[in-house]
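Engineer: please find the sequence and the predicted model below.
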Amino acid sequence: MTRAGADLTPTGGVSLATQPLHTPFHGVEFAVFTALFAAVAILGFGAVRWRRTGPGPLASLDEWGLGGRGFGSFVAWFLIGGDIFTAYTFVAVPGAMYAAGAVSGWFAVAYTTIVWPMVFVLMPRLWTVAHRHGYVTPADLVRGRYGSRALALAVAVTGIVATMPYIALQLVGMQAVLEVMGVGTNSGNPVVRDLPVIVAFGILAVCTYTAGLRAPALIAFAKDLLIYAVVLVAVIVLPHRLGGFGAIFDAAERKFNAANAAAAGAGRPATAVFIPGPKDFLAYGTLALGSAMALFLYPHAITGVLATRGREVIRRNTAVLPLYSLLLAFLALLGYVAIAAGVHTTNPRLAVPLLFEREFPAWFTGVAFAAVAIGALVPAAIMSIAAANLFTRTIYVGHLRPGATAAEQTAVSKVASLLVKAGALVFVLGLDTQNSINLQLLGGVWILQTFPAVVLALWRPRLHRRALLAGWLVGICYGTAQAYAQHSAAARHFGGSLAAVPGLGQAGYIAVTAFALNLAVALLGTLVLHAAGVPNGPDETAIEPGTTPTGVTATGTTEPDATRTGATRTGATGTGATGLGEGVPEQPGQAVEADGSASS
C-alpha cells in the first residue's frame, strides 16, 4: 500500500510533519471509533431477524439478496442514500476539491443533483418489469427483454468488473482515517498495520452472509445519522472559526493561483481550477452528465431500488434523496476549508481526516472517523451482494446450471459475495492504492456502456440484440484505450478521466464519448439488421409472467424445439413471480409492455 505523509500542526501544537510515516497513536479517537464500530457490528448481526417473512433460513435471492422486496420509503431512503454516498466519497470528493478545485470535485455535486430526475423517470419502470417477472439483476432484464444470453453476459461481466474496484475503494477510505489515528503506522509488519481493516471486513462478510441485504439496510440508519451529524457540525463550526466562507474561498483561490503559476514556470499545464471557466465547461458538463447516467447503472444502486416494495416508494424517495446531494455539497466544501485551515498533505485523501484531527477534540474526531469506516461497510456490503447476484443469475444459472433451485442460487450467491469481498481486500492490501483508483476510473467508463442495453430496454421498440452487443464492444474498447492513454504525475497510464473529444478539440469525459459511439453503433446496426431481415431475440417481458415464450427456457437458455407454453417461470423465489406491483395489471392473456403496463 502507498502511505503518504502529511504536514500539519494539530490543535495540540504537536507537529505531524516530522515523522509522516509514523503518526502517533491517538487512543481516545480509537476508543470512540472502536465503540461505535462494535455497536454497529452488533446491529448488523441482529439484522438476520429484522423484517423477516418467515422463521426459516433466507433461502431465496428475493429474501437474501433483495431483503424480501419489502422496504418502504423510510428504509429505502437510508439504504439508497447510504448505497451511493460511501466512505471513499467522504475522503475523495473534498480531497479532489483540496487538490485540484471545482472541476475535479464539485462536479460530483452537480451529477448527484441531476441524477434524481433520471431516477424518477427510469427506476419505477425498471422496478415494475423486474417485480412482475422476478428479475433480480439488470442482466436478468436484458436477457428477458432481448432473449440474448450473450448480451446479458456482457452486462453482468461489466457490472461485476466495474463494482470490484468500487468495493476496494471503500477500504481506501477506511485506511485514510486509520492512518491519521496512527493505527499500525509505527509497525513494519503489514499484517499488524492492516489488521483493523481485515477485522472490519471479516465482520462485514459474516453479517452479509447470514443476513443478506438486511444487514446493510439496518446499518445504514446508524451510518447516515453519524455522517449527517458530523458534516453539519463541521460546516457550522469551522467556517465560523476561520472567518466565514468568504475567507475560505479566498484562501483556496490563492492556493490554486500559486499552484498554477508554479506549474507554468516549470513548463507544465495548469491543473487547479477554482471556478470553471469557458474552457472547462465541456469537461465539467460531460463529467456531471456521464456520471449521473452511470450512477444507477451500477448493480448495487439497482439492487437498492429493486428491494423497495413499490414504484411509489421510489418516486417518493426521489423527492427527498436530493438532501444527500446537499450533504455532499457541504462535504465537498470541506476541501476548501482544509486549505483555509492550513492543512498540508501530499495525499489529498487525507485532507479531511487531517482537518478533523486538527480542529476538533479527540472524542468528536473519533465519531467522525467511525462514520467514515461505517460508511465503508454499507456500500461494500450492497456491492458484494449485487456482484454475487449477477454472477449467480447470469453465469451460474445462465451458463453452468440452468436448473438450479432458489436455495442453490442463494447458497452460490452467499459464497460469491465472500469471494468478492476477499478479492477486494487482497487487491487493496497487496497492491498499490493507485491501482484501485485507476480501475475505478475505468469502471465508470465501462458501466456507462451498459446504458443502451439496460435503459432502452424499458421502452419500445427494441433495439437489435446484436447491434447492442456490437455497440457495447465499441464503447468498451474505445473507452479503455482512451483511459489507458491518459497520464499524470501519479500514474503513467489511466491518469485521468478526460480526453480530447474528436471533432471538438476540447477535453470531455471519456465515458460520454465512448457512450456516444456505442449508441451510434447500436442505432445504425439495428436499422441495418432490421433491413436485412435478421430476427431479434424473443421478448419475455411481452408475455404473462407465468408462461414461457416459445424457444426460451425459464432461465433464458435457447431451446429451438421447445413448445411449452404454460411452464411456471423459475424466478428469484423459485415459485414464479406471482406478486404484482402497484399499478401493474393482472388480467389474464394481456401482454405486458416494458414499463409493466398492459398493452391494448
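Structural biologist: Perfect, thanks for sending it. Residues are numbered from 1 along each chain as shown.
Engineer: hey, let's count contacts and neighbours off CA atoms from now on
Structural biologist: OK.
Engineer: what's the first helix or strand after the helix of greatest length in the chain?
Structural biologist: Taking DSSP state H as the criterion, the chain has its longest helix at helix 149-180. The helix or strand immediately downstream of helix 149-180 is helix 190-211, counting by DSSP states H and E.
Engineer: tilt between whichever strand or helix holds residue 140 and helix 149-180?
Structural biologist: Per DSSP H and E: residue 140 is located in helix 138-146. Orientation check (axes from the mean of the first three to the mean of the last three CA atoms, to 10 degrees): helix 138-146 against helix 149-180 gives 160 degrees.
Engineer: so what does helix 138-146 touch, helix or strand wise?
Structural biologist: Using 3 or more CA pairs under 8 Å, 6 or more residues apart in numbering; DSSP states H and E, the elements in contact with helix 138-146 are helix 149-180, helix 451-455.
Engineer: just how off-centre is the last one within its chain?
Structural biologist: The reference is to helix 451-455. Averaging C-alpha positions (CA atoms, centre = their mean, to the nearest Å) puts helix 451-455 17 Å from its chain's average.
Engineer: report the buried residues of the following helix or strand past it.
Structural biologist: Toward the C-terminus, helix 451-455 is succeeded by helix 465-485 as the next helix or strand (DSSP H and E). Going by neighbour count (16 or more other CA atoms under 10 Å), the buried part of helix 465-485 is 465-476, 478-480, 482-484.
Engineer: what helices and strands are in contact with helix 465-485?
Structural biologist: helix 149-180, helix 433-448, strand 498-500, helix 510-531.
Engineer: run through who's touching it.
Structural biologist: With contact meaning CA atoms under 8 Å, 6 or more residues apart in numbering, helix 465-485 is reached by 146-148, 150-151, 154, 442, 445-446, 449-450, 452-453, 493-499, 510-511, 513-515, 517-526, 529, 536-537.
Engineer: try it again at 6 Å.
Structural biologist: 146, 151, 446, 449, 493-494, 514-515, 518, 521-522, 525-526 (CA atoms under 6 Å, 6 or more residues apart in numbering).
Engineer: now swap in stretch 143-161 and tell me
Structural biologist: Defining contact as CA under 6 Å, 6+ apart, one finds that stretch 143-161 is touched by 139, 142, 387, 390, 465, 469, 537, 538, 539, 540, 541.
Engineer: near residue 407, how many other residues are there?
Structural biologist: 17 (other CA atoms under 10 Å).
Engineer: so it makes contact with residue 59?
Structural biologist: Yes - the pair formed by residue 407 and residue 59 meets the contact definition of CA atoms under 6 Å, at 4.8 Å.
Engineer: picking that back up, and the helices and strands packed on helix 465-485, which one's lowest on average pLDDT?
Structural biologist: For the helices and strands packed on helix 465-485, mean pLDDT drops lowest on helix 433-448, to a mean of 83.
Engineer: kindly export that one (C-alpha atoms) in PDB.
Structural biologist: Output of helix 433-448 as PDB, limited to C-alpha atoms (Å, rounded to 0.1, in the frame of the first residue of the first chain):
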ATOM      1  CA  THR A 433      -3.700   2.000  -3.900                       C
ATOM      2  CA  GLN A 434      -3.400   3.800  -7.300                       C
ATOM      3  CA  ASN A 435      -4.400   0.500  -9.000                       C
ATOM      4  CA  SER A 436      -7.800   0.600  -7.300                       C
ATOM      5  CA  ILE A 437      -8.200   4.300  -8.300                       C
ATOM      6  CA  ASN A 438      -7.300   3.500 -11.900                       C
ATOM      7  CA  LEU A 439      -9.700   0.600 -12.100                       C
ATOM      8  CA  GLN A 440     -12.500   2.600 -10.500                       C
ATOM      9  CA  LEU A 441     -11.900   5.300 -13.200                       C
ATOM     10  CA  LEU A 442     -12.200   2.500 -15.800                       C
ATOM     11  CA  GLY A 443     -15.300   1.200 -14.000                       C
ATOM     12  CA  GLY A 444     -17.200   4.400 -14.600                       C
ATOM     13  CA  VAL A 445     -16.300   4.300 -18.300                       C
ATOM     14  CA  TRP A 446     -17.300   0.600 -18.600                       C
ATOM     15  CA  ILE A 447     -20.600   0.800 -16.700                       C
ATOM     16  CA  LEU A 448     -22.000   3.600 -18.800                       C
END
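Engineer: who does it touch, helix- and strand-wise?
Structural biologist: On a contact count with 3 or more CA pairs under 6 Å, 6 or more residues apart in numbering; DSSP states H and E, helix 433-448 meets helix 149-180.
Engineer: helices of the stretch 1-150 of the chain, start to end?
Structural biologist: 27-46, 61-64, 73-84, 87-100, 102-105, 107-133, 138-146, 149-180 (DSSP state H, counting those that start in this stretch).
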